[in-house]
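Novice: Provided below are the primary sequence and the corresponding predicted coordinates.
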Amino acid sequence: MKLAIIPDEFIQAAGVLKEIQAHGFEAYFVGGSVRDALLNQSIHDVDIATSAYPEEIKQIFPRTIDVGIDHGTVLALVGEEQYEITTFRTESTYQDFRRPDTVTFVRSLKEDLKRRDFTINALAMDVNGEIIDLFDGMSDLNQKIIRAVGNPKERFHEDALRMMRGLRFASQLDFTIEADTLAAIQEFHALLAKISVERIAVEFIKLLLGKNRKAALVPFIETECYQYCPELRTFGEALLNFSELPNQQIETESQAWALLLKTMQLKDNQIRNFMKAWKQSNQTIHDVQQLIYGLDKRLLADWQPLDLFNLGLKSALSVEKLLFYYGQNSKLEEVKERYSRLPIHDRKQLAVTGNDLLAYFNKKPGKWLGDMIETIESAVVNEQILNNKEKLLSFANEMIDKE
Ligand code: ATP
Ligand code: MG
């Protein structure tokens, strides 16, 4: 079988394969890029596998970087481009369910493809676009099936992360997990406890953002994998409700977390703990909190000017998009219009500064100052007062008098 149209990414990299072959070694495109090209999907990184050992690759290409030499990966710099070239390898005896004890370089493509996780990820392609399919990956690709290479129980026992990878591919590709592979996930789900949260999170986020998240969430729940993911153990029912939301693809990570956490009905401080347990960045946590705050408001009533000001345009639009999952229409253009008409978009645009107020009242800085600026800001945003220095100072004066 030959790939009908070879994507540019492979054509660009063809010279690298030819160069390796000219030195008497085998070289192929492997992994996700071959799978995605066959599925007519855009491809990200082109991975190259070769029978040449890392030292041999370093002699072939004048400019290389040892990015993962222990695993057999060398980065070759060719012109403006860089290519990851990995020596065929086998991985022997996994003692800790996550890392091979030893990596052995081999000269056989078959041995290399055998250690890969799923049949659709174990396809190789030569420089002419000919597909090398030693584990019936093409048939599974055509039937939209995720199937472990070899014995699924052994494969998940070797590396438990593969269970999460299988689930995320089900979502990303809109594929079904084959029965024996699914049964093995069911049997070994508890081994996920051995895998770092960071690695689980990468797969879980891809699962949430995939085009058929429901196809992955249902087995994620049924196999009880969720029980070994941070902070989800007691949320089986909420997860099921989450899987029942309209199955439209979610655009961003923050939106995905926000929808999940909203379904779990977590409070603000619990949201933080949850996201910390999943090792998410403070920026992501902040974004998610904003979205949930906005969503709670917007589901009850239309935006108030101060909500739009506090959230900013990006979060407000993001909240609008989430309304779809609650059966409501998004009013994107209206929100843009209303946001643009706000008198100010940032505190810095206020016609008075903290220093102005300190000088005007001849007082020491303190809590009163922050409170006052906030009140002034709200009044300006709500168009109760014009953003003009004189007006704002007399407004502040009235406030002081009232105290
Ligand atoms: P993506 O499009 O998300 O990058 P991918 O299939 O390329 O998907 P990678 O994590 O980039 O996934 O891995 C590249 C290839 O390496 C896979 O296609 C698979 O053949 C192999 N692989 C990756 N992780 C594992 C694993 N845990 N066990 C076995 N093989 C793996
Ligand atoms: Mg990849």
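Specialist: Yep, that arrived. Ligands and ions are numbered 1, 2, ... in the order given.

Novice: chain neighbours aside, what residue packs nearest to Leu161?
Specialist: Residue nearest to Leu161 in three dimensions, not counting chain neighbours: Ile195, with 5.0 Å by CB to CB, 6 or more residues apart in numbering. From N, CA and C alone the C-beta is placed, and that goes for glycine too.

Novice: which residues touch that neighbour?
Specialist: Neighbour list for Ile195: 97-98, 160-161, 164 [criterion: CB atoms under 8 Å, 6 or more residues apart in numbering].

Novice: in JSON lines, list those residues along with distance to ligand 1.
Specialist: Compiled in JSON lines, these are given as follows (distance: CB to the nearest ligand atom, whole Å):
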{"residue": "Phe97", "distance to ligand 1": "11"}
{"residue": "Arg98", "distance to ligand 1": "9"}
{"residue": "Ala160", "distance to ligand 1": "9"}
{"residue": "Leu161", "distance to ligand 1": "5"}
{"residue": "Met164", "distance to ligand 1": "9"}
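
Novice: give me the subset of those lying in helices.
Specialist: Taking DSSP state H as the definition of helices, the contacts of Ile195 contribute 161, 164.

Novice: list buried residues within the contacts of Ile195.
Specialist: Buried by 16 or more other CB atoms under 10 Å: 97, 160-161, 164, out of the contacts of Ile195.

Novice: pick the one among those closest to Pro343.
Specialist: Sorting the buried ones among the contacts of Ile195 by distance to Pro343 puts Met164 at the head of the list, at 48.4 Å, by CB to CB.

Novice: so for the closest one, what's the pLDDT?
Specialist: At Met164, the model reports a pLDDT of 98.

Novice: again, but for Asp45
Specialist: Confidence for Asp45, expressed as pLDDT, is 87.

Novice: okay, now Glu398: neighbour count?
Specialist: Under the neighbour criterion other CB atoms under 10 Å, Glu398 is assigned a count of 8.

Novice: again with the one 4 residues further on
Specialist: Residue crowding around Lys402 was assessed by other CB under 10 Å; the count is 6.

Novice: ligand 1 versus that one, what's the distance?
Specialist: Taking CB to the nearest ligand atom, to the nearest Å as the criterion, Lys402 is separated from ligand 1 by 60 Å.

Novice: now the two most distant members of the contacts of Ile195.
Specialist: Taking CB to CB as the measure, these span a maximum distance of 12.6 Å, between Phe97 and Met164.

Novice: for the closest residue to ligand 1 within the chain, what are its contacts?
Specialist: Here the chain gets closest to ligand 1 at one residue, Gly32, 2.2 Å apart by CB to the nearest ligand atom. Neighbouring residues of Gly32 by CB under 8 Å, 6+ apart: 43-45, 47, 121.

Novice: around ligand 1, which positions in this protein sit nearby?
Specialist: The chain has residues 31-32, 47, 116-117, 121, 159, 161-162, 165 near ligand 1, with proximity defined as CB under 6 Å from any ligand atom.

Novice: scan these and report the most crowded one.
Specialist: Each of the residues of the chain next to ligand 1 was scored by neighbours using other CB under 10 Å; the highest score is Arg162's, at 25 neighbours.

Novice: hmm, that residue is touching Arg115, no?
Specialist: No: with contact defined as CB atoms under 8 Å, Arg162 does not count as touching Arg115 (11.0 Å).

Novice: which neighbours do the two share?
Specialist: Going by CB under 8 Å, 6+ apart, no residue sits against Arg162 while also sitting against Arg115.

Novice: hmm, back to that, give me the lowest-pLDDT entry from the buried ones among the contacts of Ile195.
Specialist: For those, the minimum pLDDT belongs to Phe97; the value there is 70.

Novice: can you map out the strands along the stretch 1-150 of the chain?
Specialist: Ranges of strands in the stretch 1-150 of the chain, per DSSP state E, counting those that start in this stretch, are 27-30, 47-50, 64-68, 73-78, 81-87, 89-94, 100-105, 124-125, 131-132, 145-146.

Novice: just these: most buried one?
Specialist: Ranked by mean neighbour count under mean count of other CB atoms under 10 Å, the strands of the stretch 1-150 of the chain are led by strand 27-30, which reaches a mean of 26.

Novice: average pLDDT across it?
Specialist: pLDDT averaged over strand 27-30 gives 98.

Novice: need the contact partners of it.
Specialist: Among residues not part of strand 27-30, those counted as contacts by CB under 8 Å, 6+ apart are 10, 13, 16-17, 20-21, 46-52, 85, 109, 112-113, 116, 123-127, 132.

Novice: which SSE is the nearest residue in space to Ser243 that is not next to it in sequence in?
Specialist: With CB to CB, 6+ apart as the criterion, Ser243 has its nearest non-adjacent residue at 3.8 Å, and that residue is Leu217. When secondary structure is defined by DSSP states H and E, Leu217 falls within helix 213-222.

Novice: list the buried ones in the very next helix or strand once past that helix?
Specialist: As assigned by DSSP H and E, the chain's next helix or strand after helix 213-222 is helix 236-244. Taking 16+ other CB under 10 Å as the basis for neighbour counts, the residues of helix 236-244 that come out buried are 238-239, 242-243.
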